[in-house]
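Peer 1: quick one, fold the following:
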Amino acid sequence: MPRLSLAKLERHLYSAADRLRQEGLDAATYKDYIFGMLFLKRRSDVFDAEHEKIVGRKVEQGMALHQAEAAYGENPDFYDGFFVPQHARRAYLQEKLNDASEPYGGVLDKALGELREANDQLEHVLDKEFFLEVQSSKRIVSDDACKDLVRHFSRYRLRNEDFQFSDLLGAAYEFLINMFAESAGKKGGDFYTPRDVIRTMVRILKPAACMSVYDPTCGSGGMLIISREFVEQSGGDPTDLRLCGQVNDTSAWSICKLNMLLHGIATCCRRYYTANHDDHLTQIAGSAASGD
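Peer 2: Predicted coordinates:
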């Protein structure tokens with residue numbers, strides 16, 4: 001099977017956005033759904049690969065398949081990466097496509113909720129994706145659109161071995177952020193700075209291993225990610241770099257967190273309430289090591 005190129009993945013993601021534009025949604029609204037679906041599919045595909053290795057290894061050692069599944073395949077302690085609960089896995093989501101017993105938007109909400117609850121790194125990150133949300137007595141995203149998104153994202157497998165280069169998914173996510181920022185117009189500046197501007201700033205700063213990089217208005221995290229890339233390209237150890245960012249917008253914070261995770265950067269982000277304890281939060285994003 002040919003490996004997935006960046007151009008093909010970008011077209012694939014643009015088509016997913018097209019489906020939500022048919023629902024009458026603008027970029028400021030549909031971006032959260034696209035980000036959530038992309039992350040859900042990625043995590044499910046990576047989990048399936050790790051699950052196959054864990055269970056297969058035990059079967060090779062003489063354990064019965066059903067025993068290996070129960071004792072190891074469904075035990076989060078044996079996974080190095082994210083643990084994906086059954087209701088968040090690709091096979092289950094596809095199985096529910098023809099099940100009319102509950103709204104499909106509820107199936108996706110349950111998938112994102114269980115994925116978040118099973119992994120501390122995702123605390124608050126997937127809070128904005130509510131596929132059952134209603135506005136003016138009408139679903140924001142119809143069940144037909146929800147099902148079409150799942151079918152669409154099922155076209156390509158998103159395991160590491162499926163990519164032409166290791167950071168392809170991170171690059172595709174950057175493409176999405178740029179696309180949504182352009183569609184959002186002036187509001188896009190809240191979470192996106194042109195990458196050429198950031199690269200110039202990073203070259204001036206010249207970050208190196210053992211340093212800390214802090215961005216007080218980190219938006220989608222571009223300054224942090226490109227600083228890490230600079231260290232790696234300069235021959236330094238990118239895992240020996242402390243990345244810290246702050247942003248005062250919950251949507252931008254989620255975008256930043258997912259951006260770092262999809263670039264393979266382990267994070268330890270936290271959200272803190274402002275003095276007014278209103279809906280505007282100050283968040284701190286940090287990273288000290290790479291991970292998937």
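
Peer 1: give me the neighbour count for the residue nearest to Pro103 when sequence neighbours are not counted.
Peer 2: Closest residue to Pro103 apart from its sequence neighbours, by Cβ to Cβ, 6 or more residues apart in numbering: Asp143 at 5.6 Å. For the C-beta atoms, the positions are set from N, CA and C on the backbone; glycine is no exception. When counting by other Cβ atoms under 10 Å, one arrives at 18 neighbours for Asp143.

Peer 1: worst-scoring helix or strand of the protein, pLDDT-wise?
Peer 2: Ranking every helix and strand in the chain by mean pLDDT, DSSP states H and E puts strand 281-287 at the bottom, with a mean of 40.

Peer 1: and the helix or strand harbouring Ser227, how far from the chain's centre?
Peer 2: Element membership of Ser227 [criterion: DSSP states H and E] is helix 222-233. How far helix 222-233 lies from its chain's middle: 19 Å, per Cα atoms, centre = their mean, to the nearest Å.

Peer 1: could you point out which element follows that helix?
Peer 2: Counting by DSSP H and E, the next helix or strand C-terminal to helix 222-233 is strand 242-247.

Peer 1: what are the buried residues along that next one?
Peer 2: Buried residues in strand 242-247, defined by neighbour count with 16 or more other Cβ atoms under 10 Å: Leu243, Cys244, Gly245, Gln246, Val247.

Peer 1: so Glu174 touches Asn259, yeah?
Peer 2: Yes: counting by Cβ atoms under 8 Å, Glu174 touches Asn259, with 7.4 Å between them.

Peer 1: any weak-confidence spans in the stretch 151-292 of the chain?
Peer 2: 184-191, 267-292 (pLDDT under 70).

Peer 1: going along the chain, name the strands of it.
Peer 2: Under the criterion DSSP state E, counting those that start in this stretch, strands of the stretch 151-292 of the chain are mapped to 212-215, 242-247, 265-266, 270-273, 281-287, 289-290.

Peer 1: and the first one, what does it pack onto?
Peer 2: Secondary-structure packing of strand 212-215 (3 or more Cβ pairs under 8 Å, 6 or more residues apart in numbering; DSSP states H and E): helix 222-233, strand 242-247.

Peer 1: check the second one too.
Peer 2: Of the remaining helices and strands, those touching strand 242-247 by 3+ Cβ pairs under 8 Å, 6+ apart are strand 212-215, helix 222-233, helix 250-262, strand 281-287.

Peer 1: for those, which one ends up most surrounded?
Peer 2: Stretch with highest mean neighbour count among the helices and strands packed on strand 242-247: helix 250-262 (a mean of 25; mean count of other Cβ atoms under 10 Å).

Peer 1: so which other helices or strands are in contact with that one?
Peer 2: helix 27-60, helix 168-184, helix 222-233, strand 242-247, strand 281-287.

Peer 1: 10 Å - rerun?
Peer 2: Counting contacts by 3 or more Cβ pairs under 10 Å, 6 or more residues apart in numbering; DSSP states H and E, helix 250-262 packs against helix 27-60, helix 168-184, helix 222-233, strand 242-247, strand 265-266, strand 270-273, strand 281-287.

Peer 1: where does the residue with the largest distance to the centre of the chain land in three-state SS?
Peer 2: Within the chain, Gly62 marks the point farthest from the mean C-alpha position, 36.8 Å out by Cα atoms, centre = their mean. Here Gly62 is coil, with the state taken from DSSP: H, G, I helix; E, B strand; the rest coil.

Peer 1: how much space between it and Gly73?
Peer 2: 16 Å (Cβ to Cβ, to the nearest Å).

Peer 1: ok so, going back, need the residues touching each of Glu174 and Asn259.
Peer 2: Common neighbours of Glu174 and Asn259 (criterion: Cβ atoms under 10 Å, 6 or more residues apart in numbering): Ser220, Gly221, Gly222, Ile225.

Peer 1: picking up where we left off before, now do the contacts for the residue nearest to Pro103.
Peer 2: Going by Cβ under 10 Å, 6+ apart, Asp143 touches Ala100, Glu102, Pro103, Tyr104, Gly105, Gly106, Val107, Leu108, Phe131, Leu132.

Peer 1: neighbour-wise, which of those residues leads?
Peer 2: Highest neighbour count within the contacts of Asp143, by other Cβ under 10 Å: Leu108, with 28 neighbours.
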